[in-house]
Structure formats: structure tokens, C-alpha cells
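Novice: Let's see this in three dimensions:
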Amino acid sequence: MPAEPVLTDLGRHGDADAEPGLIDFAVNVRGGTPAFVLDALARRLGDLAAYPGAGDQQRAVEAIARRHDRDPSEVMVLAGAAEGFALLPELAPRRAALIQPSFTEPERALRAAGIAIDQVVLPPPWTLVPELVPEDADLVVLGNPTNPTSVLHPRQTIEALRRPGRVIVVDEAFADVVPGEPESLAAVRADDILVLRSITKTFALAGLRAGYILGSPELLARLGRRRPHWPLGTLQLAALELCAGEVAAEYARAEAMSVVEQRDWMINALTAAGIVVVGQPSASFVTISVADGTAVKAALRAHGYAVRSCANFVGMDADHLRLAVRDPQTVDGLVDAFGKVLR
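Specialist: Numbering: from 1, shown residues only. Below is the predicted model:
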């Protein structure tokens, strides 16, 4: 059995902390999978003896295209948004700039391909400054809202990163938990912008691995040139079609409003307990700063709570912890445990 990765490993994610029996603040998946999604997937179980059909893929792509007012040629479905990062080396960039702190998978994929990387580290409160990006970077990757800082960058500021010969990749895995998605670039039709989206967070489908990437047909063709046949299974395609539809959109809008209410409660409860919330959270998680964070994390585990260490995010350290937004009763339990630990 392989050893568990240490806190500073790029490949360590919150699921490593969410052990059975612990109350989970480490993983940013929202609650349980909605019944209308489970019912739709259950209806397709009898189809699993056959290969995924071309019609399944076409319906999923067309639904996503309608969702974002795009042409179907501008949509590529993915086995989770993380697959999109694994495909980035296919663009053959000479120099990639990663806006940090941010999700670690882009760095893992680019380093494995031997691509030169510039770490563009934003100091708290992690405001995006386009001038910090090297002019010769021909690939820029950032999150919006960003994991783990929960910061939402203005769309206009992201567009200021555009340069001739440069591709901008925006990770919008958590964009649908922001009411109205005001800063999203998902509907922007440009030959130098790629937008990654996920359905696994809001619809609690992390175990299914389903997402998509939006961009010009030329960029998508370069990304997908070495993908295998049948890159997604029948259930993944069915979920993508469903979660791009209007019923799912209504569900996501309600979830986004719930995130705002629960996050406000959570921030107030943490602050009242003397716990420092860093930045201006806009997503379904918040980042806090505590002294001796690794020991605090371990002590919270002993009290039955799983939290995410930020030790492996560039520009952060073990004294930063990421907490998923949860309902007030669950948050009150965590705050009580913090009180015991910090005393």
C-alpha cells in the first residue's frame, strides 16, 4: 500500500484528509448528489454494456454550448476538469506563468512535461496584478474564483493579461457558486482564452469525474490530439448533458445563494471566535490563518473534524487552512472544536 503523501506534496488534495467518520471541511463538494441527477443516472445503468454512443457525446456538447451561448465546436468534454490541466502540455508553451496561490494540478502537469514555469505569487489579499506576469510567458493559468484563496478576480483584470501569442487558461471550477457568475469568461469567444468548468462540486459528483473546457476549435484540437477513443463514459456524458440544462441551472442558482448565506454565517462565527479569515472569500470555501497550523489541523482531527492544509500551495504555508463552507449547525461544531484546540 503506497504511503500517504506529505502535506507539501503537489499531488495531495483535500480528499486525503476527509477520512471516514470525520466531519468534512476539507473537500469543497456541496452536500449530497441531488435526487434528479441520481435518478437520471440510474436510468442509464442498463446501457453500460454498450460503448458510449456518439449521440451521448453530441447531446452533452450541445447542451453545454447552449448553456454558455457557444458553438458546439468550442466545447470539449473532459473526465473532470483536472483532465484539462493534464492536456495543457499539448499546447507546447515555452514558458508558463502560474498565478499563485492556486490549484496544484497545472503545475504538476507542466513540470512533468518539462515546461519552464514562473510562479507569479500574489500577496494577501491575493489581488491580481497583470503587470507581475512576465511578458514572454505564452501560457498563463489562474483560477476564478481561486482555489484555495476563494478570491474572485474581475473579468476585466483577467482580460488585461492578453498578449499576442499568449494563451490564458481560467479555472472556473467554482464559478457556478457565485450568484450570477459576474466575472466568468465562459461565454467569451476568443482564440486565446480557455475556460475550464466542472460539474463535480455543485452537483456533488466528484466520484464521477466530469467537466469540460471552452475555447476556440483550433485550441481544443491541439489539446485533444492524443486523447484516447471514448475518453468519457456513458454516465459522465449523461451527467454533463443534464447538469447543463435548465433544471440543473435552477438548482445551481439556489446553491449559489445558499453558499453566500452559509459563508457569511461561517465568516462571522470564525471571526467572533478570534480566528482570522484571510482575503475576501467569494466561493464555497474560506481560508484562515492560525499559528502552528499543522498541530491545529491534527488536533481538530482528534476532535472529529477534517480541514485542508494549505502547505502545498505556492505562496501559502501550513499556518493557512482551507475550510469548506457548511451549514450553521455544522460550523458551530467546528468553531467549538477550534475553541478547545486553541485554548
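Novice: can you pull out the helices in the protein?
Specialist: 35-42, 54-67, 81-87, 105-112, 155-159, 217-223, 234-243, 246-272, 293-302, 328-342 (DSSP state H).
Novice: Now do the most centrally placed residue in the chain against A82, distance only.
Specialist: Centroid-nearest residue in the chain: A173, 3.7 Å away (criterion: CA atoms, centre = their mean). Distance of A173 to A82, given as CB to CB, to the nearest Å: 9 Å. C-beta coordinates here come from the backbone N, C-alpha and C atoms, glycine included.
Novice: do V151 as well
Specialist: V151 is 21 Å from A82, by CB to CB.
Novice: Looking at those two, which has the bigger crowd around it?
Specialist: V151 (25 against 21; other CB atoms under 10 Å).
Novice: Find the residues that touch each one of A173 and A82.
Specialist: G211 (CB atoms under 8 Å, 6 or more residues apart in numbering).
Novice: before we move on, back to that, and the helices of the chain, which is most packed in?
Specialist: When the helices of the chain are scored by mean count of other CB atoms under 10 Å, the highest mean neighbour count falls to helix 234-243 (a mean of 24).
Novice: and of the helices of the chain, who's closest to L208?
Specialist: helix 234-243 (5.8 Å; CB to CB).
Novice: circling back: got the contact list for the residue nearest to the centre of the chain?
Specialist: Neighbour list for A173: A81, F103, G143, N147, L196, R197, S198, T200, K201, G211 [criterion: CB under 8 Å, 6+ apart].
Novice: now G14
Specialist: A26, V27, N28, A306, R308, R322, A324.
Novice: rerun that using 10 Å as the cut-off
Specialist: Contacts for G14 were tallied using CB atoms under 10 Å, 6 or more residues apart in numbering; they are 24-29, 147-148, 285, 306-309, 322, 324.
Novice: What of R108?
Specialist: D9, L10, G11, A82, F85, A86.
Novice: In contact with the closest residue to the last one other than its chain neighbours: list those residues for me.
Specialist: With CB to CB, 6 or more residues apart in numbering as the criterion, A86 has its nearest non-adjacent residue at 4.9 Å, and that residue is A109. By CB under 10 Å, 6+ apart, the contact list for A109 reads A82, E83, G84, F85, A86, L87, L88, P89, A96, I115, V141.
Novice: ok, A109 to F85 distance?
Specialist: The value you get for A109 to F85, if CB to CB is used, is 5 Å.
Novice: Ok, A221 next?
Specialist: Distance, A221 to F85, using CB to CB: 18 Å.
Novice: same deal with T202?
Specialist: According to CB to CB, T202 stands 19 Å off from F85.
Novice: Ok, L235 next?
Specialist: Using CB to CB, we find L235 at a distance of 22 Å from F85.
Novice: try A252
Specialist: To F85, A252 is 23 Å away according to CB to CB.
Novice: Repeat that for D192.
Specialist: From D192 across to F85, the span is 18 Å (CB to CB).
Novice: Looking at the contacts of G14, which two lie furthest apart in space?
Specialist: V29 and S309 (17.9 Å).
Novice: With neighbour numbers in mind, choose between those two.
Specialist: Remark: of V29 and S309, S309 carries more neighbours, 26 against 20, as counted by other CB under 10 Å.
Novice: For that one, which non-adjacent residue is closest in space?
Specialist: Using CB to CB, 6+ apart, the closest residue to S309 is L7 (4.8 Å).
Novice: With I23 instead?
Specialist: Y305 (5.1 Å).
Novice: Tell me which residues touch that neighbour, please.
Specialist: 17, 22-26, 297, 299, 323, 330, 333-334, 336-338, 341.
Novice: and of those, the nearest to G245?
Specialist: Using CB to CB, D24 comes nearest to G245 of the contacts of Y305, at 28.3 Å.
Novice: What residues are bridge-paired with the closest one?
Specialist: Per DSSP bridges, residues listed as beta-bridge partners of D24: A306.
Novice: so what pLDDT did it get?
Specialist: With respect to pLDDT, D24 scores 96.
Novice: Equivalent analysis for the one 5 residues further on, please.
Specialist: Per-residue pLDDT puts V29 at 93.
Novice: Could you do A3 as well?
Specialist: 47.
Novice: low-confidence ranges in the chain?
Specialist: The model of the chain has pLDDT under 70 over residues 1-5.
Novice: Which parts of it belong to which domain?
Specialist: 14-33+249-342, 35-247 (automatic domain parsing).
Novice: From A252, how far out is H153?
Specialist: Using CB to CB, H153 is found at 21 Å from A252.
Novice: Oops, could you answer that again for Q58 instead?
Specialist: 23 Å.
Novice: So for R163, what's the nearest residue that isn't a sequence neighbour?
Specialist: E135 (7.0 Å).
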